[in-house]
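S.K.: A predicted structure for the sequence below; I have some questions about it.
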Amino acid sequence: MKDDLHFLRLWDMYSPLLTATQKEITDLYFNYDLSLGEIAEQKGVSRQSVSDCLQKCRKQLEKYEEKLCFLQALDDLSHEYSAYMTEVERFIEREKQNFLPLTALKETLDGVQKGFGAETTETEDGTIIGKAFREEV
């Protein structure tokens, strides 16, 4: 399951670099939850060729990430953004009356977050963590 989630994140990032057939097979398997047999029947190929295609796509997407590091950069950016937002929110809370312009800064950053897209979670100690993603344009 964890591997599938990692693969889907890679697929979201690098699927335009796959061939049309690779994209279709991986999409049917992971996004439409079809079995190898169902995909093989639909595509008119063997189950083994579908399995081979999925394995090849995994390796290919891993190589793209290894060389380009876009997913890692996105994760790093998300963590950095979360850390800054945590600090801004804590500072605003401490200095509510003295620094009203920071409230506007927080609203601006929240707008950036909504435009960029992010899943955030607040931990027990008040730290906000999250993963950023770009929605299709």
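M.R.: Perfect, thanks for sending it.
S.K.: which is the next helix or strand following the longest helix seen in the chain?
M.R.: Criterion DSSP state H: the longest helix present in the chain is helix 70-94. With elements assigned by DSSP states H and E, the helix or strand that comes after helix 70-94 is helix 100-116.
S.K.: now do that next one against helix 70-94, angle only.
M.R.: 150 degrees (axes from the mean of the first three to the mean of the last three C-alpha atoms, to 10 degrees).
S.K.: so that it lines up with my notes, have the first residue be 15 from now on.
M.R.: Sure thing, new numbering starts at 15, so read that last one as helix 114-130.
S.K.: helices or strands up against helix 114-130?
M.R.: Here helix 114-130 touches helix 84-108, going by 3 or more C-beta pairs under 8 Å, 6 or more residues apart in numbering; DSSP states H and E. C-betas here are computed from N, CA, C, even on glycine.
S.K.: off-centre distance for the helix it packs on?
M.R.: 16 Å (C-alpha atoms, centre = their mean, to the nearest Å).
S.K.: list the helices and strands it packs on?
M.R.: For helix 84-108, the packing partners by 3+ C-beta pairs under 8 Å, 6+ apart are helix 16-28, helix 114-130, strand 132-136, strand 142-146.
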